[in-house]
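Novice: can you look at this prediction? I've put the sequence above it.
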Amino acid sequence: MKTKVLLFFLFVSFQSLFSQEIQGSWAGSLSIQGTQLPLVFNIQKNGDLYQTSLDSPMQGAKGIPIKETTFANNELQLAAPNLNLKFSGHFNGTSIEGTFVQKGGSITLVLTRKLTD
C-alpha cells in the first residue's frame, strides 16, 4: 500500500512540475515579406487554467489578452478571436514549434523561452 501511495504522489508531482514548464515568456519572430516581427507570449497558470498575453515590441503593444489557452499532451493552443489569431504548437521541452494563423495567412513560428527582458 505504501508503494502505491508513493507512486501516486510521484506521478502527481511529476505532472505538476511538467505542466509548469510551459509557464513564462516565450519569444519568436514572424517573417513577413522579409521583415522580422518579434512576438512574446506570456503564459501563466491560475489553478487549472492557463492565461496568456501577447507582446509585440516592434508595434509597441504589450499585454494583448489571448482569450483561449490550452496545453495538453505537449500541444499548446492559443486563440484570440477578436484579432482573428490562432497559434498551434508542439512543446518539445526547450521550444514550441508551430503555426501562427491570422486572417487566413499561415506562418511557421518557433518560440523559445525568454529569460530576460
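Specialist: Arrived safely, thanks for sending.

Novice: quick one: low-confidence parts of this protein?
Specialist: Confidence mapping of the chain against pLDDT under 70 gives the ranges 1-20, 116-117.

Novice: what residues does the longest strand seen in it touch?
Specialist: When the chain is scanned for its longest strand (criterion: DSSP state E), the result is strand 35-46. In this structure, residues lying in contact with strand 35-46 by Cβ atoms under 8 Å, 6 or more residues apart in numbering are 19-20, 22-31, 50-59, 66, 69, 78, 87, 100, 109, 111, 114. Glycine gets a C-beta too; all of them are placed from N, C-alpha and C.

Novice: in PyMOL, how would I select the buried members of the residues you listed?
Specialist: Those of the contacts of strand 35-46 that meet the burial criterion (16 or more other Cβ atoms under 10 Å) are gathered into one PyMOL selection, given here:
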select buried, resi 22+25+26+27+28+30+50+52+53+54+55+66+69+78+87+100+109+111
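
Novice: among the contacts of strand 35-46, which lie within strands?
Specialist: Of those, the ones assigned to strands by DSSP E are 24-31, 50-56, 66, 69, 78, 87, 100, 109, 111.

Novice: does Trp26 really touch Leu109, like I thought?
Specialist: No - Trp26 lies out of contact with Leu109 (Cβ atoms under 8 Å); the separation is 9.9 Å.

Novice: noted, bye for now.
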